Each structure stands twice: as C-alpha cells, then as structure tokens.
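1. compute the structure for the input listed below.
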Amino acid sequence: MNLKVGDALTARDKRKILRSVKDRWHHHHNVSVAEIGDADHPQFAMLGVAMVGTDRRLIERALSRMVHSIEMERRLELLDYQIEIL
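-> Residues are numbered from 1 along each chain as shown. Below you'll find the model as predicted:
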C-alpha cells in the first residue's frame, strides 16, 4: 500500500500518523502492519499488511475495509495498493 502522508513535515510526524492507523488496524482486524518502504521520506510511506486465516472471503473483506478506511483518512492519500492472497 503506497501512501502520501499529507500532514507530515518530518519523519517523526509521519511515524505518529502511521502509528495511529497501524494500531487501529491491528486491534480491529487482527493484522500485522509494517512500514516496508520510503521510510526516510516524511511525505511518503509504503505499508505491508499480513493476515492469516482459513476463510478467503473474510480476509478479502477485512483487507477491503482497511483500504476503504485509508481512502476516508484525511491525513493520508492512497496512491496505490495491491491485495495478494496466497
């Protein structure tokens, strides 16, 4: 998931905004989230999300809800994303 962090002027600002999103997803969807790219740039972030389960539809629904929550987030702009289920 590639994001633009609009309100962030520093890497510290970006981490604060992303921490809020990552914590919310972890608690609501029981997923693991990590920043996997663009760590040095304060305005851009790449997040990786991992979810394990046996029900493909449930996983797809949860991941789609997370994408929708980013689209509704005023501090973030979704630039690109990809959902891959193995």
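
2. okay, which residue of the protein is out on the far edge from center?
-> Ranked by distance from the centre of the chain (C-alpha atoms, centre = their mean), the top residue is residue 54, with 22.0 Å.

3. got the contact list for that residue?
-> Residues in contact with residue 54 (C-beta atoms under 8 Å, 6 or more residues apart in numbering): none are found. No exception for glycine: its C-beta is placed from N, CA and C like everyone else's.

4. so it: helix, strand or coil?
-> coil (DSSP: H, G, I helix; E, B strand; the rest coil).

5. okay, it: pLDDT?
-> Note on residue 54: pLDDT of 93.

6. how about low-confidence regions in this structure?
-> Applying pLDDT under 70 to the chain flags residues 38.

7. which strands or helices does the lengthiest helix in the chain pack on?
-> In the chain, taking DSSP state H as the definition, the longest helix is helix 11-29. Applying 3 or more C-beta pairs under 8 Å, 6 or more residues apart in numbering; DSSP states H and E, we find helix 11-29 packed against strand 2-5, strand 32-37, strand 44-50, helix 56-72.

8. swap the cut-off to 7 Å and go again
-> Using 3 or more C-beta pairs under 7 Å, 6 or more residues apart in numbering; DSSP states H and E as the contact test, the elements touching helix 11-29 are strand 32-37, helix 56-72.

9. run through who's touching it.
-> 5, 7-8, 31, 33, 35, 40, 42, 45, 51, 62, 66, 73, 75-76 (C-beta atoms under 7 Å, 6 or more residues apart in numbering).
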